[in-house]
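Student: Okay, here's the prediction I keep looking at, along with the sequence it came from:
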Amino acid sequence: MKKLFALLALFTAVFHSSPAFAGTISVSMTEPNGQFDLEPQESAGVVSSTNWNNVPYSPNQNGRTTIGQAIFDSDGEETPLGLTYRAWDGRNSGSVVGNDPNARMMKGKGPSPFNSSSDPHTYAAIELTNCNAAAGAVYDVYVYINEGIGFTTGSYGTMYLSGAGTFGSGGPPSGASIAARTGYRTLNSNFTGTGGVPVYSAARGFIRSNASTAGNYVLFEGVTLDTLTITPWMANDRSNFHGVGMTGIQLVPANAEICGNGADDDGDGDVDCEDSDCPACPEICDNGVDDDGDGGVDCQDRDCPACPEICDNGIDDDRDSDIDCDDDDCAETAACLVALVPFVRGDSNGDAEVNISDATFTLQNLFLGGREPDCNNAADANGDGMINISDPTFSLNHLFLGGAPMPAPYPECGTDAGDEVLGCESSPARCQ
(Lines give C-alpha, C1' and ligand atoms only; values in the text may rest on other atoms or scores of the structure.)
Protein backbone atom coordinates (compact mmCIF):
# COMPACT_ATOMS: atom_id res chain seq x y z
CA MET A 1 0.00 0.00 0.00
CA LYS A 2 2.83 2.42 0.81
CA LYS A 3 4.34 1.75 -2.62
CA LEU A 4 0.96 2.48 -4.20
CA PHE A 5 0.70 5.81 -2.38
CA ALA A 6 4.25 6.65 -3.42
CA LEU A 7 3.42 5.94 -7.06
CA LEU A 8 0.25 8.03 -6.83
CA ALA A 9 2.23 10.91 -5.33
CA LEU A 10 4.79 10.68 -8.12
CA PHE A 11 1.99 10.60 -10.72
CA THR A 12 0.38 13.69 -9.18
CA ALA A 13 3.68 15.57 -9.06
CA VAL A 14 4.42 14.83 -12.69
CA PHE A 15 1.01 15.60 -14.14
CA HIS A 16 0.08 18.56 -11.98
CA SER A 17 3.36 20.45 -11.98
CA SER A 18 3.71 23.58 -14.10
CA PRO A 19 4.47 22.64 -17.70
CA ALA A 20 7.83 23.68 -19.12
CA PHE A 21 7.49 27.03 -20.79
CA ALA A 22 7.93 26.67 -24.56
CA GLY A 23 8.62 30.22 -25.73
CA THR A 24 11.99 31.93 -25.97
CA ILE A 25 12.40 34.98 -23.72
CA SER A 26 14.39 37.81 -25.30
CA VAL A 27 15.43 41.00 -23.47
CA SER A 28 16.99 44.04 -25.10
CA MET A 29 18.69 46.46 -22.69
CA THR A 30 18.15 49.71 -24.48
CA GLU A 31 17.89 53.51 -24.37
CA PRO A 32 15.02 54.89 -22.24
CA ASN A 33 14.04 57.19 -25.14
CA GLY A 34 13.14 54.17 -27.26
CA GLN A 35 15.31 54.95 -30.27
CA PHE A 36 16.59 51.36 -30.52
CA ASP A 37 13.39 49.56 -29.49
CA LEU A 38 12.33 46.44 -31.39
CA GLU A 39 8.74 46.10 -32.58
CA PRO A 40 6.88 42.93 -31.46
CA GLN A 41 6.90 41.45 -34.97
CA GLU A 42 10.62 42.05 -35.55
CA SER A 43 12.93 39.06 -35.25
CA ALA A 44 16.42 39.27 -33.78
CA GLY A 45 19.04 37.16 -32.05
CA VAL A 46 21.10 34.07 -32.74
CA VAL A 47 17.89 32.14 -32.12
CA SER A 48 15.71 34.36 -34.26
CA SER A 49 12.75 35.37 -32.10
CA THR A 50 9.96 37.93 -32.04
CA ASN A 51 8.44 39.77 -29.08
CA TRP A 52 11.67 41.20 -27.70
CA ASN A 53 11.20 42.95 -24.37
CA ASN A 54 12.67 46.46 -24.55
CA VAL A 55 14.04 47.14 -21.05
CA PRO A 56 15.17 50.76 -20.58
CA TYR A 57 18.59 51.03 -18.97
CA SER A 58 19.96 53.97 -17.01
CA PRO A 59 23.26 53.65 -15.13
CA ASN A 60 22.54 53.65 -11.42
CA GLN A 61 26.03 54.30 -9.96
CA ASN A 62 26.15 50.95 -8.17
CA GLY A 63 22.57 51.16 -6.98
CA ARG A 64 19.92 48.52 -7.62
CA THR A 65 17.23 48.93 -10.29
CA THR A 66 14.37 46.44 -10.49
CA ILE A 67 12.29 46.52 -13.65
CA GLY A 68 8.54 46.67 -13.03
CA GLN A 69 7.38 45.81 -16.54
CA ALA A 70 5.90 42.45 -17.52
CA ILE A 71 8.24 40.21 -19.53
CA PHE A 72 6.72 38.27 -22.45
CA ASP A 73 8.00 35.28 -24.39
CA SER A 74 8.22 34.79 -28.17
CA ASP A 75 4.64 33.44 -28.23
CA GLY A 76 3.35 36.66 -26.65
CA GLU A 77 2.64 34.98 -23.32
CA GLU A 78 3.34 36.88 -20.12
CA THR A 79 5.98 35.23 -17.93
CA PRO A 80 6.79 35.59 -14.21
CA LEU A 81 10.37 36.60 -15.07
CA GLY A 82 11.79 39.48 -13.02
CA LEU A 83 14.87 41.58 -13.87
CA THR A 84 17.20 43.65 -11.69
CA TYR A 85 20.45 45.30 -12.78
CA ARG A 86 23.37 47.15 -11.25
CA ALA A 87 26.21 49.02 -12.95
CA TRP A 88 28.13 52.26 -12.69
CA ASP A 89 27.93 52.92 -16.40
CA GLY A 90 26.99 51.63 -19.83
CA ARG A 91 26.75 53.32 -23.22
CA ASN A 92 25.48 52.70 -26.74
CA SER A 93 27.82 50.96 -29.12
CA GLY A 94 29.41 53.26 -31.67
CA SER A 95 30.61 50.47 -33.94
CA VAL A 96 27.44 48.69 -35.02
CA VAL A 97 26.73 48.79 -38.76
CA GLY A 98 23.16 49.15 -40.02
CA ASN A 99 19.74 49.61 -38.44
CA ASP A 100 18.13 46.17 -38.82
CA PRO A 101 16.61 44.56 -35.69
CA ASN A 102 19.85 42.77 -34.78
CA ALA A 103 21.84 45.98 -35.19
CA ARG A 104 19.41 47.97 -33.01
CA MET A 105 19.54 45.33 -30.30
CA MET A 106 23.36 45.45 -30.36
CA LYS A 107 23.41 49.29 -30.32
CA GLY A 108 21.38 49.46 -27.12
CA LYS A 109 23.25 50.14 -23.95
CA GLY A 110 23.35 47.79 -21.01
CA PRO A 111 25.13 47.35 -17.67
CA SER A 112 28.88 47.77 -18.03
CA PRO A 113 31.70 47.79 -15.48
CA PHE A 114 33.94 50.86 -15.33
CA ASN A 115 37.59 50.88 -14.36
CA SER A 116 39.47 53.96 -13.19
CA SER A 117 42.67 54.11 -11.21
CA SER A 118 41.15 56.81 -9.02
CA ASP A 119 37.52 55.68 -8.90
CA PRO A 120 37.02 52.04 -10.01
CA HIS A 121 33.52 50.56 -10.36
CA THR A 122 34.34 47.20 -11.78
CA TYR A 123 31.12 45.44 -10.76
CA ALA A 124 28.12 45.09 -13.08
CA ALA A 125 25.43 42.40 -13.08
CA ILE A 126 21.94 41.46 -14.25
CA GLU A 127 19.75 39.23 -12.09
CA LEU A 128 16.81 37.28 -13.54
CA THR A 129 14.32 35.62 -11.19
CA ASN A 130 11.68 32.90 -11.81
CA CYS A 131 13.70 31.60 -14.76
CA ASN A 132 12.62 27.99 -14.46
CA ALA A 133 8.92 28.79 -14.40
CA ALA A 134 9.32 31.21 -17.31
CA ALA A 135 11.67 29.35 -19.62
CA GLY A 136 11.44 25.65 -18.84
CA ALA A 137 13.47 23.42 -16.57
CA VAL A 138 16.52 23.46 -18.85
CA TYR A 139 17.46 26.36 -21.08
CA ASP A 140 20.35 27.97 -22.94
CA VAL A 141 21.41 31.51 -22.07
CA TYR A 142 22.66 33.89 -24.77
CA VAL A 143 24.27 37.12 -23.52
CA TYR A 144 24.92 39.75 -26.21
CA ILE A 145 27.92 42.01 -25.63
CA ASN A 146 29.29 45.19 -27.14
CA GLU A 147 32.56 46.98 -26.57
CA GLY A 148 31.34 49.14 -23.70
CA ILE A 149 32.95 52.28 -25.19
CA GLY A 150 35.43 54.21 -23.12
CA PHE A 151 38.78 55.94 -23.32
CA THR A 152 40.16 52.70 -24.67
CA THR A 153 37.48 50.56 -26.22
CA GLY A 154 36.64 46.99 -25.45
CA SER A 155 37.40 44.44 -22.84
CA TYR A 156 38.16 40.82 -22.12
CA GLY A 157 37.62 38.71 -19.06
CA THR A 158 35.26 36.12 -17.60
CA MET A 159 31.45 36.00 -17.72
CA TYR A 160 29.89 34.20 -14.74
CA LEU A 161 26.51 32.64 -14.11
CA SER A 162 25.52 32.18 -10.50
CA GLY A 163 22.37 31.60 -8.50
CA ALA A 164 20.34 33.32 -5.79
CA GLY A 165 22.18 35.49 -3.27
CA THR A 166 25.12 36.38 -5.54
CA PHE A 167 23.75 39.57 -7.08
CA GLY A 168 25.19 42.84 -5.77
CA SER A 169 28.19 41.31 -4.03
CA GLY A 170 30.57 43.80 -5.59
CA GLY A 171 32.86 41.12 -6.96
CA PRO A 172 32.74 38.01 -9.10
CA PRO A 173 31.08 34.90 -7.65
CA SER A 174 33.34 32.24 -6.26
CA GLY A 175 33.41 28.62 -5.23
CA ALA A 176 30.20 26.63 -5.26
CA SER A 177 28.13 29.72 -6.13
CA ILE A 178 29.45 29.59 -9.72
CA ALA A 179 27.01 27.67 -11.90
CA ALA A 180 28.88 28.29 -15.17
CA ARG A 181 31.55 30.52 -16.59
CA THR A 182 33.14 31.37 -19.93
CA GLY A 183 35.84 33.70 -21.13
CA TYR A 184 34.77 36.60 -23.32
CA ARG A 185 36.58 38.97 -25.67
CA THR A 186 34.80 41.94 -27.27
CA LEU A 187 35.13 43.14 -30.85
CA ASN A 188 36.30 46.67 -31.73
CA SER A 189 38.80 46.36 -28.91
CA ASN A 190 42.39 47.51 -28.59
CA PHE A 191 42.75 44.90 -25.87
CA THR A 192 41.81 41.96 -28.13
CA GLY A 193 43.46 43.14 -31.36
CA THR A 194 40.17 43.87 -33.09
CA GLY A 195 40.25 47.67 -33.04
CA GLY A 196 38.10 49.06 -35.84
CA VAL A 197 36.19 45.79 -36.36
CA PRO A 198 32.43 46.48 -35.96
CA VAL A 199 30.77 44.88 -32.98
CA TYR A 200 27.99 43.81 -35.37
CA SER A 201 27.19 44.02 -39.05
CA ALA A 202 24.71 41.96 -41.03
CA ALA A 203 27.51 40.84 -43.32
CA ARG A 204 29.41 39.19 -40.44
CA GLY A 205 26.43 38.34 -38.23
CA PHE A 206 26.79 36.93 -34.74
CA ILE A 207 30.10 35.52 -33.51
CA ARG A 208 30.30 33.44 -30.35
CA SER A 209 32.90 34.80 -27.99
CA ASN A 210 35.08 32.81 -25.62
CA ALA A 211 38.48 33.11 -23.96
CA SER A 212 40.31 33.05 -27.29
CA THR A 213 37.75 34.42 -29.80
CA ALA A 214 36.46 37.99 -29.94
CA GLY A 215 32.75 38.07 -30.66
CA ASN A 216 29.41 39.65 -29.84
CA TYR A 217 27.71 37.03 -27.67
CA VAL A 218 28.50 34.32 -25.15
CA LEU A 219 26.47 31.13 -24.68
CA PHE A 220 25.78 29.04 -21.59
CA GLU A 221 24.07 25.74 -22.37
CA GLY A 222 21.89 23.52 -20.22
CA VAL A 223 21.22 26.04 -17.43
CA THR A 224 18.75 25.07 -14.67
CA LEU A 225 18.93 28.03 -12.28
CA ASP A 226 15.70 29.55 -10.99
CA THR A 227 17.48 32.79 -10.06
CA LEU A 228 20.12 33.64 -12.63
CA THR A 229 22.84 36.27 -12.07
CA ILE A 230 25.07 37.32 -14.98
CA THR A 231 28.34 38.97 -13.96
CA PRO A 232 31.07 40.12 -16.39
CA TRP A 233 34.48 40.54 -14.77
CA MET A 234 37.30 42.36 -16.56
CA ALA A 235 40.74 40.80 -16.69
CA ASN A 236 42.52 43.81 -18.19
CA ASP A 237 43.87 46.49 -15.87
CA ARG A 238 44.25 49.67 -17.87
CA SER A 239 42.65 52.67 -16.27
CA ASN A 240 39.76 54.85 -17.40
CA PHE A 241 37.71 52.63 -19.65
CA HIS A 242 34.39 50.87 -19.74
CA GLY A 243 34.32 47.12 -19.89
CA VAL A 244 31.78 44.94 -21.66
CA GLY A 245 28.22 46.20 -22.18
CA MET A 246 25.49 43.56 -21.82
CA THR A 247 22.97 44.66 -24.46
CA GLY A 248 20.68 41.64 -24.70
CA ILE A 249 19.77 38.29 -23.16
CA GLN A 250 17.88 35.29 -24.53
CA LEU A 251 16.61 32.36 -22.50
CA VAL A 252 15.96 29.56 -24.99
CA PRO A 253 14.26 26.38 -23.76
CA ALA A 254 16.31 23.28 -24.49
CA ASN A 255 15.27 21.71 -27.79
CA ALA A 256 13.50 24.89 -28.89
CA GLU A 257 12.99 25.32 -32.62
CA ILE A 258 15.96 27.07 -34.19
CA CYS A 259 14.63 29.02 -37.15
CA GLY A 260 16.67 28.56 -40.29
CA ASN A 261 18.71 25.41 -39.77
CA GLY A 262 16.50 23.01 -41.74
CA ALA A 263 15.85 20.78 -38.70
CA ASP A 264 12.78 20.02 -36.59
CA ASP A 265 14.55 20.94 -33.35
CA ASP A 266 11.56 20.75 -31.02
CA GLY A 267 10.16 17.55 -32.54
CA ASP A 268 6.68 18.91 -33.28
CA GLY A 269 6.77 17.98 -36.98
CA ASP A 270 7.28 21.54 -38.22
CA VAL A 271 10.61 22.85 -39.51
CA ASP A 272 11.92 26.43 -39.37
CA CYS A 273 9.33 28.98 -40.55
CA GLU A 274 6.61 26.31 -40.68
CA ASP A 275 6.89 26.09 -36.88
CA SER A 276 4.70 28.51 -34.92
CA ASP A 277 7.72 29.31 -32.73
CA CYS A 278 9.39 30.97 -35.76
CA PRO A 279 8.44 33.98 -37.87
CA ALA A 280 6.00 33.02 -40.63
CA CYS A 281 7.35 31.77 -43.94
CA PRO A 282 7.30 34.20 -46.86
CA GLU A 283 4.51 33.56 -49.35
CA ILE A 284 5.64 31.59 -52.40
CA CYS A 285 3.46 32.92 -55.17
CA ASP A 286 2.97 29.87 -57.38
CA ASN A 287 2.77 26.73 -55.23
CA GLY A 288 -0.92 26.62 -54.27
CA VAL A 289 -0.07 26.84 -50.53
CA ASP A 290 -0.81 29.55 -47.95
CA ASP A 291 2.84 29.67 -46.89
CA ASP A 292 2.60 32.64 -44.50
CA GLY A 293 -0.67 31.52 -42.90
CA ASP A 294 -2.60 34.74 -43.56
CA GLY A 295 -5.46 33.12 -45.48
CA GLY A 296 -4.30 34.22 -48.94
CA VAL A 297 -2.84 31.70 -51.38
CA ASP A 298 -0.40 32.66 -54.15
CA CYS A 299 -1.66 35.69 -56.07
CA GLN A 300 -4.55 36.10 -53.59
CA ASP A 301 -1.93 36.98 -50.96
CA ARG A 302 -1.07 40.67 -50.78
CA ASP A 303 2.61 39.76 -50.61
CA CYS A 304 2.36 38.53 -54.23
CA PRO A 305 1.48 40.28 -57.51
CA ALA A 306 -2.30 40.44 -57.87
CA CYS A 307 -4.20 37.74 -59.74
CA PRO A 308 -5.72 38.54 -63.16
CA GLU A 309 -9.42 39.43 -62.95
CA ILE A 310 -11.74 36.47 -63.51
CA CYS A 311 -14.80 38.05 -65.06
CA ASP A 312 -17.65 35.90 -63.75
CA ASN A 313 -16.82 34.80 -60.18
CA GLY A 314 -18.05 37.77 -58.12
CA ILE A 315 -14.54 38.40 -56.68
CA ASP A 316 -12.20 41.36 -57.06
CA ASP A 317 -9.32 39.08 -58.09
CA ASP A 318 -6.86 41.83 -59.07
CA ARG A 319 -7.64 43.97 -56.00
CA ASP A 320 -8.47 47.13 -57.97
CA SER A 321 -11.93 47.52 -56.32
CA ASP A 322 -13.80 46.55 -59.53
CA ILE A 323 -15.49 43.18 -59.82
CA ASP A 324 -16.16 41.09 -62.93
CA CYS A 325 -17.67 43.15 -65.76
CA ASP A 326 -17.20 46.41 -63.85
CA ASP A 327 -13.45 45.86 -64.24
CA ASP A 328 -11.94 47.36 -67.40
CA ASP A 329 -9.89 44.18 -67.80
CA CYS A 330 -13.12 42.34 -68.62
CA ALA A 331 -14.54 44.78 -71.20
CA GLU A 332 -13.70 42.61 -74.21
CA THR A 333 -14.43 39.21 -72.68
CA ALA A 334 -17.35 37.08 -73.88
CA ALA A 335 -18.81 37.11 -70.36
CA CYS A 336 -19.14 40.90 -70.41
CA LEU A 337 -19.92 41.76 -74.03
CA VAL A 338 -23.59 42.79 -74.43
CA ALA A 339 -25.39 40.90 -77.20
CA LEU A 340 -26.39 43.62 -79.67
CA VAL A 341 -29.91 43.41 -81.17
CA PRO A 342 -30.39 44.65 -84.74
CA PHE A 343 -32.91 47.49 -85.28
CA VAL A 344 -33.74 50.43 -87.55
CA ARG A 345 -33.28 53.85 -85.97
CA GLY A 346 -36.60 55.74 -85.82
CA ASP A 347 -38.72 52.56 -86.07
CA SER A 348 -40.29 53.01 -82.68
CA ASN A 349 -43.37 50.83 -83.36
CA GLY A 350 -41.21 47.90 -84.52
CA ASP A 351 -42.63 47.32 -88.00
CA ALA A 352 -39.23 47.79 -89.71
CA GLU A 353 -40.54 50.88 -91.50
CA VAL A 354 -39.88 54.50 -90.57
CA ASN A 355 -42.88 56.74 -91.23
CA ILE A 356 -45.35 59.05 -89.47
CA SER A 357 -46.75 56.16 -87.45
CA ASP A 358 -43.47 55.90 -85.55
CA ALA A 359 -43.57 59.54 -84.45
CA THR A 360 -47.23 59.03 -83.44
CA PHE A 361 -46.25 55.88 -81.46
CA THR A 362 -43.58 57.75 -79.55
CA LEU A 363 -45.87 60.71 -78.74
CA GLN A 364 -48.59 58.37 -77.48
CA ASN A 365 -46.03 56.60 -75.27
CA LEU A 366 -44.65 59.85 -73.89
CA PHE A 367 -47.87 61.78 -73.32
CA LEU A 368 -50.92 59.48 -73.54
CA GLY A 369 -49.77 56.36 -71.70
CA GLY A 370 -49.21 54.29 -74.80
CA ARG A 371 -47.23 51.07 -74.68
CA GLU A 372 -43.47 51.00 -74.34
CA PRO A 373 -41.40 50.39 -77.48
CA ASP A 374 -39.92 46.93 -77.87
CA CYS A 375 -36.60 48.54 -78.81
CA ASN A 376 -35.72 51.76 -77.02
CA ASN A 377 -32.70 52.19 -79.26
CA ALA A 378 -35.02 52.41 -82.26
CA ALA A 379 -37.26 54.98 -80.53
CA ASP A 380 -34.17 57.19 -79.94
CA ALA A 381 -34.51 58.71 -83.40
CA ASN A 382 -31.86 61.39 -82.99
CA GLY A 383 -29.37 58.99 -81.30
CA ASP A 384 -28.73 61.15 -78.25
CA GLY A 385 -29.24 58.31 -75.75
CA MET A 386 -32.60 59.64 -74.52
CA ILE A 387 -36.26 59.27 -75.54
CA ASN A 388 -38.21 62.51 -75.44
CA ILE A 389 -40.21 64.86 -77.68
CA SER A 390 -37.10 65.69 -79.69
CA ASP A 391 -37.16 62.15 -81.19
CA PRO A 392 -40.56 62.34 -82.96
CA THR A 393 -39.73 65.92 -83.92
CA PHE A 394 -36.43 64.73 -85.48
CA SER A 395 -38.23 61.95 -87.41
CA LEU A 396 -40.96 64.25 -88.77
CA ASN A 397 -38.42 66.89 -89.71
CA HIS A 398 -36.51 64.30 -91.75
CA LEU A 399 -39.57 62.70 -93.32
CA PHE A 400 -41.48 65.87 -94.36
CA LEU A 401 -39.14 68.86 -94.17
CA GLY A 402 -35.91 67.46 -95.64
CA GLY A 403 -34.10 67.35 -92.31
CA ALA A 404 -31.02 65.25 -91.58
CA PRO A 405 -31.55 61.49 -91.65
CA MET A 406 -31.51 59.39 -88.52
CA PRO A 407 -28.07 58.20 -87.38
CA ALA A 408 -27.12 54.62 -88.22
CA PRO A 409 -28.50 52.07 -88.29
CA TYR A 410 -30.80 53.69 -90.81
CA PRO A 411 -32.49 53.03 -93.20
CA GLU A 412 -31.40 49.36 -93.06
CA CYS A 413 -31.25 47.05 -90.07
CA GLY A 414 -28.06 47.14 -88.03
CA THR A 415 -26.52 47.43 -84.57
CA ASP A 416 -24.74 50.14 -82.63
CA ALA A 417 -22.35 49.28 -79.78
CA GLY A 418 -22.93 52.76 -78.34
CA ASP A 419 -26.59 52.04 -77.68
CA GLU A 420 -26.14 49.76 -74.66
CA VAL A 421 -27.69 52.29 -72.25
CA LEU A 422 -31.25 52.25 -73.61
CA GLY A 423 -31.17 48.64 -74.77
CA CYS A 424 -33.33 46.67 -77.13
CA GLU A 425 -35.56 43.82 -75.97
CA SER A 426 -36.36 42.56 -79.46
CA SER A 427 -35.92 43.55 -83.07
CA PRO A 428 -38.44 43.63 -85.91
CA ALA A 429 -38.98 40.35 -87.74
CA ARG A 430 -37.38 41.79 -90.88
CA CYS A 431 -34.15 42.44 -88.91
CA GLN A 432 -33.90 38.99 -87.35
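Tutor: Okay, I see it. Quick caveat: nothing in here was measured; it's all calculated off a predicted structure.
Student: Now do the helices in the stretch 1-150 of the chain.
Tutor: With DSSP state H, counting those that start in this stretch as the criterion, the stretch 1-150 of the chain has helices at 2-16, 101-107, 131-135.
Student: Confidence-wise, which of those helices is weakest overall?
Tutor: When those are ranked by mean pLDDT, helix 2-16 comes last with a mean of 34.
Student: mind listing the strands for the stretch 151-300 of the chain?
Tutor: Taking DSSP state E, counting those that start in this stretch as the test, the strands found in the stretch 151-300 of the chain are 156-162, 178-185, 217-223, 228-234, 241-242, 245-253.
Student: hey, which of these is tucked in deepest?
Tutor: Across these, the average number of neighbours (mean count of other CB atoms under 10 Å) peaks for strand 245-253, which reaches a mean of 28. Where C-beta positions appear, they are placed from N, C-alpha and C, glycine not excepted.
Student: now the angle from that strand to strand 228-234?
Tutor: For strand 245-253 against strand 228-234, the angle by axes from the mean of the first three to the mean of the last three CA atoms, to 10 degrees is 140 degrees.
Student: All further residue positions should be reported with the first residue as 53.
Tutor: OK, 53 is where the count begins now, so the last one is strand 297-305.
Student: Show me what secondary structure element comes after strand 297-305.
Tutor: Going down the chain from strand 297-305, the next helix or strand is helix 408-419, by DSSP states H and E.
Student: Go through that next one and flag the buried ones.
Tutor: By neighbour count with 16 or more other CB atoms under 10 Å, helix 408-419 contains the buried residues 410-415, 417.
Student: from the chain's centre, how far out does that helix sit?
Tutor: Centroid separation between helix 408-419 and its chain, computed with CA atoms, centre = their mean, to the nearest Å, is 67 Å.
Student: For it, name the packing helices and strands.
Tutor: Where contact means 3 or more CB pairs under 8 Å, 6 or more residues apart in numbering; DSSP states H and E, helix 408-419 is packed against helix 428-431, helix 442-453.
Student: Okay, angle between that helix and helix 442-453 too, please.
Tutor: For helix 408-419 against helix 442-453, the angle by the same axes, to 10 degrees is 160 degrees.
Student: Could you pull up the mean pLDDT of helix 408-419?
Tutor: Mean predicted lDDT for helix 408-419 stands at 94.
Student: cool, stretch 379-398 as well?
Tutor: The pLDDT scores in stretch 379-398 average 79.
Student: Let's see the distance spanning that stretch from one end to the other.
Tutor: Distance between the two ends of stretch 379-398: 33 Å, counting by CA to CA, to the nearest Å.
Student: From the recorded domain assignment, give the ranges for this structure.
Tutor: Domains of the chain are assigned by automatic domain parsing as 67-305, 335-389, 408-483.
Student: Contact partners for Ile119?
Tutor: Contact analysis of Ile119 by CB atoms under 8 Å, 6 or more residues apart in numbering lists 107, 134-137.
Student: Let's see the PyMOL selection covering just the buried ones among these.
Tutor: To isolate the buried members of the contacts of Ile119 in PyMOL, using 16+ other CB under 10 Å:
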select buried, resi 107+134+135+136+137
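Student: Out of the contacts of Ile119, list just those in strands.
Tutor: 107, 134-137 (DSSP state E).
Student: Not counting its neighbours along the chain, what's nearest Ser409?
Tutor: Computed as CB to CB, 6 or more residues apart in numbering, the closest residue to Ser409 that is not its neighbour in sequence is Asn401, at 5.8 Å.
Student: for Ser214, same thing?
Tutor: Leaving aside its sequence neighbours, Ser214 sits nearest to Pro225 (CB to CB, 6+ apart; 3.8 Å).
Student: Tell me where the stretch 153-302 of the chain is predicted with low confidence.
Tutor: Counting by pLDDT under 70, the ranges of the stretch 153-302 of the chain that qualify are 169, 185-189, 200-206, 289-294.
Student: Asp346: what's it in contact with?
Tutor: Residues near Asp346 by CB under 8 Å, 6+ apart: 332, 335, 353.
Student: out of those, which are buried?
Tutor: Using 16+ other CB under 10 Å as the burial test, these include 335, 353 as buried.
Student: Nearest to Pro92 among the contacts of Asp346?
Tutor: In terms of CB to CB, no member of those lies closer to Pro92 than Ala332, at 13.5 Å.
Student: picking up where we left off before, most packed of the domains of the chain?
Tutor: Comparing the domains of the chain by mean neighbour count (mean count of other CB under 10 Å), domain 67-305 ranks first with a mean of 20.
Student: Nice, that's everything, thank you.
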